[in-house]
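Novice: could you look at this predicted model? Sequence included:
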Amino acid sequence: MSSAIQSSSQPTLLVTGGAGFIGSCFVRQRLAQDDVRVVVLDKLTYAGNLDSLAPVSDDPNFAFEQAGIEDAGEVRRILDQYQPVQIVNFAAESHVDRSIDGPAEFVMTNVLGTFYLLEEARRYYSERSATQQAEFRFLHVSTDEVYGSLGPTGKFTEQTKYAPNSPYSASKASSDHFVRAYHHTYGLPVLITNCSNNYGPYQFPEKLIPLMILNAIAGKPLPLYGDGQNVRDWLFVEDHCQAIWRVLQAGEIGEVYNIGGDAERTNLQIVHTICDVVEELVPNLDHRPRELIQFVQDRPGHDRRYAIDASKIQAQLGWQPSHDFETALRTTVRWYLDNSLWTQRVADGSYAGQRLGIGAN
Ligand code: NAD
Ligand code: DAU
C-alpha cells in the first residue's frame, strides 16, 4: 500500500518503523507540530499497525509504504521517489522475551536490516548535492539495554561500555556499531539515541505496562517475573519523541545521546500503581487488582536495573521531559480504557497475553 504525498517545498522525513509504538507517536507529533512531510516505511509485523496511524492517514503530508528495511530494492525505490532530507530508523524487533524464544528475526531485522538500510542511505547520500548533504541526517533509535545491567547505584552515560545481555540488546548493539562505522568510514552524517523504557498510548500489549493495565481491568493474573524488584527508568513516549526531534535538529553529527525520564521504579511499584489507578478509574470492578499479582518464573538473563544519565542532552540540547510519571501513567491507563477497539484489533488473535520468553512458544 502506498499513498501519494502532495509535492511542496516542505522537507520530507523518512520514518522507518513508523507504524509501531514509538514511531507512530513520532509521526503523529511531527504532523501535528511541524511543517514537514512524513513517509513511513514499515513492514507491518505483528507490532506494526496502521490503526496507530489512523489519526494522520488523511493528512496530505503523510504517505505510507509497506516494506522491510532489509529489502534494499524497495528502500532504494522509496528514497528515490520521496527524496527525504532525513531518515529516522525506528524499525526493529523490540521485545526482549520474543528475542529469547526466537533470536533469528532480531538478527535479520535489527542487524541485517539496519545494514541494508545504511547501505541504501550511503548510496542516496552520495548522490545528493552539497546543500542536501549538509542537511541530511540518519538518526538511529536505540536502547539503554546495550549497556547491560546496573547494580544498585550508578547510571548509564554515553561513555558506558557496551555489555548487551539478551539477543535483543545484542542485536541493537550490533546495529549501533554499524551506524557508528558508517559515519567513521563513509562520512554518513549519523546520530544515535539510546533511550530507557517507554510507556504511553498505542504500546503493543506484550510489554509490562499495557499488559498489566489490560489484565488488571479484565481480572486476569498480573505475572511479575522473579521477585518483582528489577528496576526500569520510565519515560513517557511523547517526551522520547520530542527528544529525538531535538537531536535531529540540533545534535552534533556522529554523537550519541542518552535519553531518560529520571523515573526509576521497581516492577512491583509499577504494578501497584497501575492497580490503584485502575481501581480508581473503573469504579464497578468485581475484583481487587492488587490481589491478581503473581510472582512467576524469572526471565532468563533478566537485567536487574537500568538508569539513564541524561545530562548530555539536557545540557547540550536543552531537552528535558515535560511529563511526570504518575500523571502520564494515569493518562495511559485512561487511554487503554477508552481504546479497547485498538487493543482488540492490534492483537488480532496473534497475541492473547500469554507468557513469552521461557521457551514455551
Ligand atoms: P514496536 O515493536 O512497537 O514497533 C516496531 C515497528 O517496526 C513496527 O511497526 C514493525 O512493523 C516495524 N518493523 C519491524 N521489523 C521491520 C522491518 N524489517 N522493516 C520495517 N519495519 C519493521 O517498537 P517500539 O517500542 O516502537 O520501538 C521502536 C524503536 O525504539 C526500536 O528500535 C526499539 O529498539 C527502540 N526503543 C524502544 C524502547 C521501548 O521502551 N519500547 C526504548 C528504547 C528504544
Ligand atoms: O530499556 C529499553 C527497553 O525497554 C527497550 O529497548 C525495549 O524495546 C522494551 O521492550 C523495554 O524492554 P524491557 O524488557 O525492559 O521491557 P518489558 O516491558 O518487556 O519488561 C519491563 C520489565 O517488566 C522487565 O524487568 C521484565 C518485567 N516484566 C515484563 C513482563 C512483560 C514482568 O515482570 N512481567 C511481564 O509480564
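Specialist: Looks like it arrived, so ask away. Ligands and ions are numbered 1, 2, ... in the order given.

Novice: strands of the stretch 201-350 of the chain, residue ranges please.
Specialist: Using DSSP state E, counting those that start in this stretch, the strands of the stretch 201-350 of the chain run over residues 222-225, 231-236, 256-259, 264-266, 293-296.

Novice: which of the ones you listed has the highest mean neighbour count?
Specialist: strand 256-259 (a mean of 25; mean count of other C-beta atoms under 10 Å). No exception for glycine: its C-beta is placed from N, CA and C like everyone else's.

Novice: what is the mean pLDDT for that one?
Specialist: Taken as a whole, strand 256-259 carries a mean pLDDT of 98.

Novice: put the alpha carbons of the least confident helix or strand in the chain by mean pLDDT into PDB.
Specialist: Of all regular secondary-structure elements in the chain, judged by mean pLDDT, DSSP states H and E, the least confident is helix 340-347 with a mean of 86. In PDB, the C-alpha atoms belonging to helix 340-347 read as follows (Å, rounded to 0.1, in the frame of the first residue of the first chain):
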ATOM      1  CA  SER A 340     -10.400  -1.200  23.700                       C
ATOM      2  CA  LEU A 341     -11.100  -1.500  20.000                       C
ATOM      3  CA  TRP A 342      -7.500  -0.500  19.200                       C
ATOM      4  CA  THR A 343      -6.200  -3.200  21.500                       C
ATOM      5  CA  GLN A 344      -8.600  -5.900  20.100                       C
ATOM      6  CA  ARG A 345      -7.600  -5.000  16.500                       C
ATOM      7  CA  VAL A 346      -3.800  -4.900  17.100                       C
ATOM      8  CA  ALA A 347      -3.700  -8.200  19.000                       C
END
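
Novice: report the buried residues of the longest helix seen in the chain.
Specialist: For the chain, the longest helix by residue count, based on DSSP state H, is helix 167-186. Applying a neighbour-count criterion of 16 or more other C-beta atoms under 10 Å, one finds 167-176, 178-180, 182-183 buried in helix 167-186.

Novice: for the residues you listed, work out which two are farthest apart.
Specialist: With C-beta to C-beta as the measure, no two of the buried residues of helix 167-186 lie farther apart than 167 and 183, at 25.5 Å.

Novice: one step back: need the strands of the stretch 201-350 of the chain in a markdown table (columns: distance to ligand 2).
Specialist: Below are those laid out as a markdown table (distance: least, C-beta to the nearest ligand atom, whole Å):
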| stretch | distance to ligand 2 |
| --- | --- |
| strand 222-225 | 4 |
| strand 231-236 | 5 |
| strand 256-259 | 10 |
| strand 264-266 | 9 |
| strand 293-296 | 7 |
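
Novice: export those strands to a markdown table and tack on distance to residue 157?
Specialist: Rendered in a markdown table, the data for the strands of the stretch 201-350 of the chain read as follows (distance: least, C-beta to C-beta, whole Å):
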| stretch | distance to residue 157 |
| --- | --- |
| strand 222-225 | 27 |
| strand 231-236 | 13 |
| strand 256-259 | 7 |
| strand 264-266 | 16 |
| strand 293-296 | 33 |
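
Novice: picking that back up, after the longest helix of the chain, next one along is what?
Specialist: Proceeding N to C from helix 167-186, the next assigned helix or strand is strand 190-195, under DSSP states H and E.

Novice: give me the contact list for that following strand.
Specialist: The list of residues contacting strand 190-195 from outside it, by C-beta atoms under 8 Å, 6 or more residues apart in numbering, reads 137-144, 146-147, 156, 158, 176, 179-180, 182-183, 235, 240, 243-244, 247-248, 251, 253-260, 308.

Novice: check whether that strand comes near ligand 1.
Specialist: Yes: for strand 190-195, a contact with ligand 1 is found by C-beta under 6 Å from any ligand atom, at residue 195.

Novice: quick check, that strand touching ligand 2?
Specialist: No: Strand 190-195 lies apart from ligand 2 when judged by C-beta under 6 Å from any ligand atom; the minimum separation is 6.6 Å.

Novice: now the angle from that strand to strand 231-236?
Specialist: Angular relation of strand 190-195 and strand 231-236 on a 0 to 180 degree scale: 120 degrees, by axes from the mean of the first three to the mean of the last three C-alpha atoms, to 10 degrees.

Novice: and the gap between whichever residue of the stretch 251-361 of the chain sits closest to ligand 2 and residue 332?
Specialist: Nearest residue of the stretch 251-361 of the chain to ligand 2, counting by C-beta to the nearest ligand atom: residue 267, 4.5 Å away. With the distance defined as C-beta to C-beta, to the nearest Å, residue 267 ends up 16 Å from residue 332.

Novice: what count of nearby residues applies to the residue of the stretch 251-361 of the chain closest to ligand 2?
Specialist: Burial measure for residue 267: 19 neighbouring residues, criterion other C-beta atoms under 10 Å.

Novice: and it, what does it touch?
Specialist: The contact partners of residue 267, taken as C-beta under 8 Å, 6+ apart, are 208, 224, 225, 228, 229, 230, 231, 232.

Novice: from those residues, pick the one nearest ligand 1.
Specialist: Distance from ligand 1 was checked for each of the contacts of residue 267 by C-beta to the nearest ligand atom. The minimum falls on residue 232, at 8.7 Å.

Novice: quick check: residues of the stretch 1-150 of the chain near ligand 1?
Specialist: By the criterion of C-beta under 6 Å from any ligand atom, the positions of the stretch 1-150 of the chain lying close to ligand 1 are 16-17, 19-23, 42-45, 47-48, 68-70, 90-94, 109, 113, 141, 143.

Novice: among those residues, which are in helices?
Specialist: Secondary structure defined by DSSP H assigns 21, 22, 23 of these to helices.

Novice: my read: the second one touches residue 236, true?
Specialist: What that stands for is residue 22. No: in this structure residue 22 lies outside contact range of residue 236 using C-beta atoms under 8 Å: 11.0 Å.
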